[in-house]
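# Here's my sequence, what's the structure:
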Amino acid sequence: MRTRRVDTAAWPQPTILAGLVLVVACLYWARVIFMPIALAMLITFLLSPVVALVRRSGLAQIPAVILVLSLTCLLAGGLGWALFSQVTALANDLPSYRATIARKIADVQRMGKGGAIEKVEDTAKDVMAQIERADPPSAKPIPVVVSAPNRLWQLSRMIEPVGSVLFVLVLLVFMLVQQRELRARVVRLFGQERLAETTRAFDEASERVSRYLLTHCGLNAGFGLTIGLGLFFLGMPFALVWGFFAALLRFIPYVGTWTGALIPIATSLAVFDGWMKPLLIGGLFAATEAVVVLVLEPLFFARSAGVSSIALLIAAAFWAWLWGPIGLALAIPLTACLVVFARTIDGLEFIEILVSDDPGLEPHVIYYQRVLAADAHDAASLIREAAQAGSTEAVYDAILVPALARARHDRAIGQLTAAEYAHVIATTRGVLDRDAQVAPTAPGPEPVASLVGCPLGDEADRVALEILARLLEPAGYTLHTVTADSLAVAMPETVETARPRSICLSTVDGGGRAAEVVARLHGAHPDIPILVGCWGLRDMSGVRAALHSAGAADVVTSLAEALGAVGRMTAASARRSQSLEPAIEPA
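Purely as a prediction, here's the structure:
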């Protein structure tokens, strides 16, 4: 659910930019403090649903937190011990792979003999020999021997990571135990008068980040398990290590998977003779990543983290520069939180516009913009893709008709020139014709009824009427169009020739002329029902009553409503005609 923006005092843009620069500087220079806080918060989001699930069994908050943290620590400790033992065994076995590595190097050297590589090497050797002959021999440098420092000097380097881990654990415990208190403090920070907005923002951030982390952890764990099992069946030693690092590195966007693939592929070159097993390992990573990205992620990420792909790349680079590898791993969750809170703080709306995956424009506005940019192909593609996702009449109602109404409004206020307005009309007709050519042709049904249509305004009303005629055609209806200017002359002849079951009037803005035309037609042909289509008109107060009082049988605002109304009026007109026919006496 989209949150309503907090009504705060408007700040000048330089003040907002200066505040953002100050925040970035604080995050960089105080990263020793903020990185553990960010890690603790994200692990809290990850474990909060588990704690809530345990609490449903009847445990209190503190026992549930202790139980979840104990199981998490046991799982992490067991996995760490298994990894440490395998890494130690791998380090001990590496010397035995020297012969295989030497053979691989010899194969590469044999491939380069007589080719471009050998020529480049010979050229480089000749250049280095000439440089050495040109330089006079210098005095032999005195070697400087640097002894290894005492291990006590390295104690300070160990204190920082150990202290950070302890800090994360302590913060994690308090954040899980005092969730209610932390939420109350956030509400108090934003003010109790904004209780509803703050609660929605906090719940949206918690739900979005928790869903992302849980789903991402599950997919990465499945990815690592698949890689581990595949490497095990391929005979790769220490498959558990490679599977764990594949799952861990996949948290880094875009580059993590292939970074995790390089190490086992390089190790397989030293372990296996030949080149088949390294190629199979590379194929295993590529196939598993393709399944996860193309199948599982679209299936499980029904709602994304709320960050566009381009913004995600920029955010990954930004957080990697700010906090290093940890920032790269935390880029998506932190940016998702930033998007959520940018929606609720006045003055930060530009962050949501730049970062969010929501384009911020309705489909008919995007279509209208592409038409104005003379990109008819992209506009037609938008219509075609929307039609594949839904019904054709819904696409016309949601995109084409509102775009025509917007073009009419822009022309009326002077934002569009006559040439540009005509270009919008012509492009929309071209899109309709192209859509009709792409659509599969089927044999038309038997004629059901004849209708008369009349656009009340300019070409935009005529195009809307043409769309209605196109939608009525598969049901067997025939729509004869007459202009509003020649209505008094052409309508009697058209009624006499076509014998219509209904009259359809088309307008995209519900202009004042509609009631006048309806009254004239109803007075001339009271037995023919009149349908008025005020396409896309939202404010129908007064318009509907005026049209009904003028004699309109029905007033609709969408093409879907028009289809149903035409069917009802046609059936009623047919029943009325049958009841008025005189009975024929048998001879």
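# what's the single longest helix in this protein?
helix 195-233 (DSSP state H).
# Following the chain onward from it, which element is next?
helix 239-249 (DSSP states H and E).
# What are the buried residues along that next one?
For helix 239-249, a neighbour-count test (16 or more other Cβ atoms under 10 Å) marks 239-247, 249 as buried. From N, CA and C alone the C-beta is placed, and that goes for glycine too.
# Throw those residues into JSON lines and include pLDDT and distance to S549, thanks.
Converted to JSON lines, the buried residues of helix 239-249 look like this (pLDDT from 0 to 100; distance: Cβ to Cβ, whole Å):
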{"residue": "A239", "pLDDT": "84", "distance to S549": "81"}
{"residue": "L240", "pLDDT": "82", "distance to S549": "81"}
{"residue": "V241", "pLDDT": "82", "distance to S549": "82"}
{"residue": "W242", "pLDDT": "85", "distance to S549": "79"}
{"residue": "G243", "pLDDT": "88", "distance to S549": "76"}
{"residue": "F244", "pLDDT": "86", "distance to S549": "76"}
{"residue": "F245", "pLDDT": "84", "distance to S549": "77"}
{"residue": "A246", "pLDDT": "87", "distance to S549": "73"}
{"residue": "A247", "pLDDT": "86", "distance to S549": "71"}
{"residue": "L249", "pLDDT": "81", "distance to S549": "72"}
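# and of these, the nearest to F34?
Set against F34, the nearest of those by Cβ to Cβ is L249 (23.3 Å).
# okay but that closest one is in contact with T257, surely?
Yes - judged on Cβ atoms under 8 Å, L249 makes contact with T257 at a distance of 7.0 Å.
# Which residues are in contact with each of these two?
Common neighbours of L249 and T257, counting by Cβ atoms under 8 Å, 6 or more residues apart in numbering, are absent.
# secondary structure class for I353?
helix (DSSP: H, G, I helix; E, B strand; the rest coil).
# Give me the pLDDT value at it.
You'll see I353 listed with a pLDDT of 72.
# Distance of it relative to A18?
To A18, I353 is 20 Å away according to Cβ to Cβ, to the nearest Å.
# And for F318?
18 Å.
# So between these two, which is more surrounded?
Shown here are F318 and A18; by other Cβ atoms under 10 Å, F318 has more neighbours (17 against 11).
# ok, now which ones touch the more buried one?
A331.
# separation between it and V355?
11 Å.
# mind giving me the domain ranges of the protein?
Listed by automatic domain parsing, the domain ranges of the chain are 10-97+161-177, 361-441, 442-579.
# export the ones you listed to CSV and tack on distance to A286 and mean pLDDT?
Shown next, in CSV, are these (distance: least, Cβ to Cβ, whole Å; pLDDT from 0 to 100):
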stretch, distance to A286, mean pLDDT
domain 10-97+161-177, 24, 81
domain 361-441, 29, 80
domain 442-579, 44, 77
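# Save these as a markdown table, and put in distance to T199 too.
Shown next, in a markdown table, are the domains of the chain (distance: least, Cβ to Cβ, whole Å):
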| stretch | distance to T199 |
| --- | --- |
| domain 10-97+161-177 | 16 |
| domain 361-441 | 28 |
| domain 442-579 | 31 |
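# Relative to G282, which of those domains is closest?
domain 10-97+161-177 (18.9 Å).
# would you say I503 is within a helix?
No - with three-state DSSP as the criterion, I503 is located in strand rather than a helix.
# Across the sheet, point out what pairs with it.
V452, I530 (DSSP bridges).
# Would you mind measuring from it to L521?
6 Å.
# list residues touching both of those two?
Contacts common to I503 and L521, judged by Cβ under 8 Å, 6+ apart, are 528, 530.
# higher neighbour count, those two?
Using other Cβ under 10 Å as the criterion, I503 and L521 rank with I503 on top: 26 against 23.
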